[in-house]
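Student: below: sequence and its predicted model.
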Amino acid sequence: MNANAKNYPQPVEDTDNAPFLRGWRNGRLMLQRCTSCQKEIFYPRPMCPHCWSDELKWFEASGVGKIVSYSLIHRPNHPAFSDEVPIALAEIRLVEGVTMLARMLEGLPQTGMSVVLISDDNVVARYPLPVFRPLT
Amino acid sequence: MAHQTGHTANGKGEIGIVGFSQSDYIKKTDRTLISLMADAGRGALRSSGLAKSDIDGLSVCSFGLPPDNAVTLAEQFGLSVGWAYFGTAGGAGPVAAVLNAVRAIEAGHASTVLCLAGDAYDVEGHYKMMDQFNVALRNYGAPNGFGGANGLFGIIQRKHMETYGTRRDQLGRISVGQRRSAQRNENALLRSDLTIEEYLSARVIADPITLYDCVLPCAGVEAVIVTALDRVNPEYGIRILAGYEQHNHPVGEIAPLSGGWEIFRERLFADAGKEHRDMDFVQAYDDYPIMVAIQLEDLGFCRKGEVGAFLEGHTFAFDGSFPLNTNGGQLSCGQAGAGGGMIGLVEAVRQLRGEAGGYQVENARCGLVSGYGMVGFGHGLSSSAVILEKI
């Protein structure tokens, strides 16, 4: 068994989010932008939550952002996370303007800290969703 | 069963709550949810003086009832109803349901509505539910080990503390004050002493949220009966003066420091013809103390960002300077799933009818109940509130 394999809860891939999840499996942060109002979107949607256009385009984001706030979770829901406590869950504002929730690995978060997507193959293979580390 | 509209000449509906009940709150039970709902329904009917044959409307708010719903519950209970409502707004649902019941009665769709809220809940069941709570959390929250609502509200609390200087020793006054009230309430599950020191040094759940910020999932059901007030003994009737709901405000923020109450608070008090100082108590959705704080700001009891000083300036037990969640609230009674959205409403009625016994707020004549819930991607999406008054 792959030493990286863990029984994390998995996202369910569907026609709305497949480019996002497939992008992450290739170490990329894929986001939607509405071609009508030009706003970026997270989490993946079937139509623009700003203007209701269904003409959305996927693009590769820089992976860079800043921590807006965070929590250190000592009591996770799911047993798969118990040996990684505390889980650092951050609200991250990406340079593209949109915010997302994501885990930060490799250090403790601080509000205002710059972070970047981790693209290491082992990390990408292990974690079901994009994860970030401090940008040094 | 005549359908009455209950409007007075000035248009302010004379429709209110005439019966209330809370089932036993049980930490873990093998009783069915429907049996607990039956207990609460019978209790509410008894306290109204009405008959089962009067009930012609039914609303229910519950996370665990599906695949059953209000209509199948009507079948279980032997009711034929002209109005059936299943709550969609989590812990804000029960207050919203009562407001919608008033509208249904005014429109002549029903005359007497039984409103139920509750779950046969336990800790493990709650955590499993949160991992699958909706598509957004299942796909983009659970795989991150988000820790259920705890992690999300940890983010909100930290943001409020870092933005406004709100402190844990200020928020803890909510947990401590409510525990004092709970010590007089035999149906509360948590009744041991709680000091501010114990609150501050408690086990970390999702920093900065610690143990006494969190509710204990349990089994229980709350119930009220809504009808035109001229049908019952005035001693039983509590007026619904005004109420509103708002969902997904502010739009598009993952961890907002405000909620829908700021949209409707002025209308709420204006419609009710009341000022903040007329409230003899507030029953606010208390999962978590930071959300109580945000409700107090958004409902206008203090300015946005100034709740820390407000909390420091008050005590919150039933006999304190600002009676809050006067039976101990969810924090000390337990969170019976969606029942957490009605525990405050039932407690408000109990207080206004003078039936709160050892935790009675003296001379309680008027109070506000605030609902919150339906955790989406990062926060609770729904807000509701109602102002009630003794006849």
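Tutor: Noted; the coordinates are in hand.

Student: in chain B, which spans are strands?
Tutor: Ranges of strands within chain B are B:15-22, B:57-61, B:83-86, B:112-120, B:204-207, B:209-210, B:219-228, B:238-247, B:281-284, B:366-375, B:380-390, based on DSSP state E.

Student: now the ones you listed in a markdown table, with distance to B:Asp193 and mean pLDDT?
Tutor: Just so you know, the C-beta spots here come from the backbone N, C-alpha and C atoms, and that holds for glycine as well. A markdown table is the format used below for these (distance: least, C-beta to C-beta, whole Å; pLDDT from 0 to 100):
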| stretch | distance to B:Asp193 | mean pLDDT |
| --- | --- | --- |
| strand B:15-22 | 24 | 98 |
| strand B:57-61 | 33 | 98 |
| strand B:83-86 | 40 | 98 |
| strand B:112-120 | 28 | 98 |
| strand B:204-207 | 21 | 98 |
| strand B:209-210 | 17 | 98 |
| strand B:219-228 | 23 | 98 |
| strand B:238-247 | 33 | 98 |
| strand B:281-284 | 23 | 99 |
| strand B:366-375 | 27 | 98 |
| strand B:380-390 | 30 | 98 |
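
Student: which residues does A:Thr15 contact?
Tutor: A:Pro46 (C-beta atoms under 8 Å, 6 or more residues apart in numbering or on different chains).

Student: in a helix, it, correct?
Tutor: No: per DSSP: H, G, I helix; E, B strand; the rest coil, A:Thr15 lies outside any helix segment and is coil.

Student: returning to that earlier point: distance to B:Leu99 added to the strands of chain B, as JSON lines?
Tutor: Converted to JSON lines, those look like this (distance: least, C-beta to C-beta, whole Å):
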{"stretch": "strand B:15-22", "distance to B:Leu99": "10"}
{"stretch": "strand B:57-61", "distance to B:Leu99": "10"}
{"stretch": "strand B:83-86", "distance to B:Leu99": "11"}
{"stretch": "strand B:112-120", "distance to B:Leu99": "10"}
{"stretch": "strand B:204-207", "distance to B:Leu99": "32"}
{"stretch": "strand B:209-210", "distance to B:Leu99": "30"}
{"stretch": "strand B:219-228", "distance to B:Leu99": "9"}
{"stretch": "strand B:238-247", "distance to B:Leu99": "4"}
{"stretch": "strand B:281-284", "distance to B:Leu99": "15"}
{"stretch": "strand B:366-375", "distance to B:Leu99": "10"}
{"stretch": "strand B:380-390", "distance to B:Leu99": "6"}
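
Student: out of these, nearest to chain A?
Tutor: Among those, the nearest to chain A by C-beta to the nearest C-beta is strand B:204-207 (3.9 Å).

Student: ok so, going back, mean neighbour count and distance to A:Phe42 added to the strands of chain B, as a markdown table?
Tutor: Putting the strands of chain B into a markdown table (neighbours: other C-beta atoms under 10 Å in any protein chain shown; distance: least, C-beta to C-beta, whole Å) gives the following:
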| stretch | mean neighbour count | distance to A:Phe42 |
| --- | --- | --- |
| strand B:15-22 | 27 | 41 |
| strand B:57-61 | 28 | 30 |
| strand B:83-86 | 20 | 30 |
| strand B:112-120 | 30 | 31 |
| strand B:204-207 | 22 | 22 |
| strand B:209-210 | 27 | 24 |
| strand B:219-228 | 29 | 37 |
| strand B:238-247 | 21 | 20 |
| strand B:281-284 | 26 | 31 |
| strand B:366-375 | 27 | 17 |
| strand B:380-390 | 26 | 17 |
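
Student: can you put the ones you listed in JSON lines and add distance to chain A?
Tutor: As requested, the strands of chain B are arranged in JSON lines below (distance: least, C-beta to the nearest C-beta, whole Å):
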{"stretch": "strand B:15-22", "distance to chain A": "28"}
{"stretch": "strand B:57-61", "distance to chain A": "23"}
{"stretch": "strand B:83-86", "distance to chain A": "25"}
{"stretch": "strand B:112-120", "distance to chain A": "18"}
{"stretch": "strand B:204-207", "distance to chain A": "4"}
{"stretch": "strand B:209-210", "distance to chain A": "7"}
{"stretch": "strand B:219-228", "distance to chain A": "20"}
{"stretch": "strand B:238-247", "distance to chain A": "14"}
{"stretch": "strand B:281-284", "distance to chain A": "22"}
{"stretch": "strand B:366-375", "distance to chain A": "12"}
{"stretch": "strand B:380-390", "distance to chain A": "13"}
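
Student: just so I know, which of those lies nearest A:Ile92?
Tutor: Nearest to A:Ile92, of all the strands of chain B, is strand B:204-207, at 17.1 Å by C-beta to C-beta.

Student: using PDB, list the CA coordinates for the closest one.
Tutor: Coordinates of the C-alpha atoms in strand B:204-207 are reproduced here as PDB (Å, rounded to 0.1, in the frame of the first residue of the first chain):
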ATOM      1  CA  VAL B 204      -8.800  23.500  22.800                       C
ATOM      2  CA  ILE B 205     -11.200  22.200  20.200                       C
ATOM      3  CA  ALA B 206     -10.400  24.500  17.200                       C
ATOM      4  CA  ASP B 207      -8.300  27.400  18.400                       C
END
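
Student: so what's the residue of chain A found nearest chain B closest to, chain neighbours aside?
Tutor: Here chain A gets closest to chain B at one residue, A:Ser71, 2.8 Å apart by C-beta to the nearest C-beta. Distance criterion C-beta to C-beta, 6 or more residues apart in numbering or on different chains; nearest residue to A:Ser71, sequence neighbours excluded, is B:Gly154 at 2.8 Å.

Student: so the one you found is in contact with B:Pro208, correct?
Tutor: Yes: B:Gly154 is within contact range of B:Pro208, at 6.2 Å (criterion: C-beta atoms under 8 Å).
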